[in-house]
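Engineer: Structure, please.
(chains A and B)
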Protein chains: 2
Amino acid sequence: MSDQNFADRLLDAIDRKRSHVVVGLDPDLALLPPSLRSECLLDGPENPDREAVASCYRRFLGGIIDAVANDAVAVKPQIAYFETLGAPGYALYEDVVRLAQDAGLLVIADVKRGDIGSTAEAYAKAHLDLVGADALTVNPYLGTDGVEPFVARARSAGKGVFVLVKTSNPSSAEIQDMRLTSGDTVYEHVADLANRWGKGTEGARGYRSVGAVVGGTYPSQGAALRLRMPGVPLLIPGYGAQGAKAEELGGMFDAAGTGAVVNSARAILYAYRKREGAWQDAAALETREMKAALWAAAGRA
Amino acid sequence: MSDQNFADRLLDAIDRKRSHVVVGLDPDLALLPPSLRSECLLDGPENPDREAVASCYRRFLGGIIDAVANDAVAVKPQIAYFETLGAPGYALYEDVVRLAQDAGLLVIADVKRGDIGSTAEAYAKAHLDLVGADALTVNPYLGTDGVEPFVARARSAGKGVFVLVKTSNPSSAEIQDMRLTSGDTVYEHVADLANRWGKGTEGARGYRSVGAVVGGTYPSQGAALRLRMPGVPLLIPGYGAQGAKAEELGGMFDAAGTGAVVNSARAILYAYRKREGAWQDAAALETREMKAALWAAAGRA
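Structural biologist: Model (predicted):
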């Protein structure tokens, strides 16, 4: 836990680890390494109860965190996968945030919350104050008062916020790419709002602590957003399983090769499916390859 | 738990209870009735731990559910307030869903989730399958594939979905009211998408199980949306503490005086602050007054 500016912490971690990699934590029972399933005794005749599954996910995610701690700047727990286990899954989410921070990783809670002001305040308390994530993702549809409680903690408590601007999924165009009478698309308008929301959250290195989520599956829009949002850190999902490749993402880094981090979840977590050896080793190797590919794409290799 | 069409269940409940009232469950430590705080021993020299607070919220919300069960059609737990207690709060959320259903109330989980398809599927499993809410609120910003897993359960499992269209908060205009080159606003475009998403979820009474959230604080836009979205049930927040009044909402019901439900949270939960007597009685009285006012506004009194 640190009150230092989030953007500074993020950029420092990129330089220190020579990495732009964020590892998405999306635990999925069907994809757990068979050896671990067996150690956890999840393959008995009855469906395992959710406490048993949460306990096994804890071993799995703890192993992943240890395997990637030196080569990733952050982890991004996707809370939906934790919520599938109910309260034991929520307890696991809290534990995993602590485990990752203890391993020297930043934690970006991928919660995509967004609500009216009083409710957004409750979400900010829940995820930034109580769980203690370093940053979270927020949905902009409700406008400024749904985002302000998160931004307040970027100003005063060293927290970070990533506003959904252009998401990585196939149907993101249906609303986000609609054109306004101003000539801008909806996502460009949201980018301008995110620019405004971040004022006053700048760190010593010129970046703000209010960032933007921009899908790596849309690299040309991403490169244009990089120019439209100077000083706004980008969180880029869509790498690996969703199809984005390092060499397409060069335009989403700034001239110094920083200011953006790239998330991969399934391709790292379940790398054992394509590689020999222990699942932790497979995840570590996959992370190092991704790190090298991004370092080159950012022009720093 | 019922696999009967959600829209039919909602409209039947409105007729049977002669009510359009949804009671928002937004537990807030600072507003708990003093007598209950004292019974729960929350006023000691040290801050109460979150298990103790969750336990007291359980007594409070159980009392509210009993008090309103005959006069409300549904409750709407706002999960942000539960998440402020971490895992014990999440366990409480699960318990409260069951308590309310056992009391004959529908449960609309106000979770405003929305994500890429695979993640939306995890949220649908978490809130509709596991927790077993009858319906939930979803954020449309990601488009069709972020909504489809919820809609699938409206088609096949008797569940309901309420898509955020025009929210009740002051800054909802910043994105939602922007005008597209088509001439529509963003929220009108989202209304049209919600119309499309609901196809195939119609019940015997002509309403769909994919509804829309339309803030009661914008009654003229709400009346226009009522006409634009025939057969789409409306969930109307903003009543009471946020300022919407029954007599302004007449245009948001259909010609038969149905098709919409109205949420009030703080004005009912904490009605003891303005009324004599026990807090449960105050909540029951407030609910009955709101019920009568809405029944009249819908032209059915």
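Engineer: Only C-alpha atoms from now on, for both contacts and neighbour counts.
Structural biologist: Noted.
Engineer: residue boundaries of the helices in chain A?
Structural biologist: A:6-17, A:34-39, A:50-68, A:79-83, A:87-102, A:117-124, A:148-156, A:173-176, A:186-197, A:219-228, A:266-269, A:279-297 (DSSP state H).
Engineer: Grab the nearest non-local neighbour of residue A:215.
Structural biologist: Ranked by CA to CA, 6 or more residues apart in numbering or on different chains and with sequence neighbours excluded, the top spatial neighbour of residue A:215 is residue A:168, at 3.9 Å.
Engineer: got the residues of the stretch 151-300 of chain A near chain B?
Structural biologist: Residues of the stretch 151-300 of chain A lying close to chain B (CA under 8 Å from any CA of the partner chain) are A:167-176, A:178-181, A:186, A:189-190.
Engineer: where's the residue nearest to residue A:215 relative to residue A:209, distance?
Structural biologist: From residue A:168 across to residue A:209, the span is 21 Å (CA to CA, to the nearest Å).
Engineer: swap in residue A:58?
Structural biologist: On the measure of CA to CA, residue A:58 and residue A:209 end up 30 Å apart.
Engineer: more crowded one of those two?
Structural biologist: residue A:209 (32 against 19; other CA atoms under 10 Å in any protein chain shown).
Engineer: got the contact list for the more buried one?
Structural biologist: Counting by CA atoms under 8 Å, 6 or more residues apart in numbering or on different chains, residue A:209 makes contact with A:5-7, A:154-155, A:159-161, A:198, A:201-203, A:232-233.
Engineer: Does residue A:63 touch residue A:280 like I think?
Structural biologist: Yes: with contact defined as CA atoms under 8 Å, residue A:63 reaches residue A:280; the gap is 6.3 Å.
Engineer: Now do the buried residues in the helix or strand bottoming out on mean pLDDT in chain A.
Structural biologist: When the helices and strands of chain A are scored by mean pLDDT, DSSP states H and E, helix A:34-39 comes last with a mean of 94. Of the residues in helix A:34-39, residue A:37 count as buried by neighbour count, 16 or more other CA atoms under 10 Å in any protein chain shown.
Engineer: For residue A:85, give its distance to residue A:36.
Structural biologist: Taking CA to CA, one finds residue A:85 at 18 Å from residue A:36.
Engineer: repeat for residue A:243
Structural biologist: On the measure of CA to CA, residue A:243 and residue A:36 end up 28 Å apart.
Engineer: how many neighbours does the residue nearest to residue A:215 have?
Structural biologist: Count around residue A:168 with other CA under 10 Å applied: 26.
Engineer: residues in contact with it?
Structural biologist: Per CA under 8 Å, 6+ apart, neighbours of residue A:168: A:214, A:215, A:216, A:217, A:218, A:237, A:238, B:116.
Engineer: picking up where we left off before, mind listing residues that contact the least confident helix or strand of chain A?
Structural biologist: Residues contacting helix A:34-39 (CA under 8 Å, 6+ apart): A:43, A:56, A:60.
Engineer: what about 7 Å?
Structural biologist: residue A:43 (CA atoms under 7 Å, 6 or more residues apart in numbering or on different chains).
Engineer: so what's residue A:50 closest to, chain neighbours aside?
Structural biologist: residue A:85 (5.6 Å).
Engineer: ok, that neighbour - how many residues close by?
Structural biologist: Neighbour number of residue A:85 under other CA under 10 Å is 22.
Engineer: ditto for residue A:296
Structural biologist: Residue A:296: 15 neighbours (other CA under 10 Å).
Engineer: Same question for residue A:222.
Structural biologist: 24.
Engineer: Low-confidence stretches in chain A?
Structural biologist: Residues of chain A meeting the criterion pLDDT under 70: A:1-2.
Engineer: With adjacent residues omitted, what lies nearest to residue A:261?
Structural biologist: Counting by CA to CA, 6+ apart, the residue nearest residue A:261 is residue A:20, at 4.6 Å.
Engineer: ok, now residue A:100?
Structural biologist: residue A:65 (6.1 Å).
Engineer: dump the residue contacts of residue A:245.
Structural biologist: Going by CA under 7 Å, 6+ apart, the list of residues near residue A:245 reads residue A:239.
Engineer: Distance check, residue A:115 against chain B.
Structural biologist: Distance of residue A:115 to chain B, computed by CA to the nearest CA, to the nearest Å: 8 Å.
Engineer: err, residue A:16, not the other one
Structural biologist: 32 Å.
Engineer: Give the phi and psi angles for residue A:278, as a check.
Structural biologist: The phi/psi pair for residue A:278 (degrees, to the nearest 10) reads phi -70, psi 150.
Engineer: likewise residue A:218?
Structural biologist: Backbone torsions for residue A:218, taken as degrees, to the nearest 10, come to phi -130, psi 70.
Engineer: who has more neighbours, residue A:63 and residue A:280?
Structural biologist: The residue with more neighbours, out of residue A:63 and residue A:280, is residue A:280; 24 against 16, by other CA under 10 Å.
Engineer: Give me the buried positions along stretch A:61-72.
Structural biologist: Buried residues in stretch A:61-72 (16+ other CA under 10 Å): A:61, A:62, A:63, A:64, A:65, A:67, A:68, A:69, A:70, A:71, A:72.
Engineer: now it: how far from the chain's centre is it?
Structural biologist: Put simply, stretch A:61-72 sits 15 Å off its chain's centre (CA atoms, centre = their mean, to the nearest Å).
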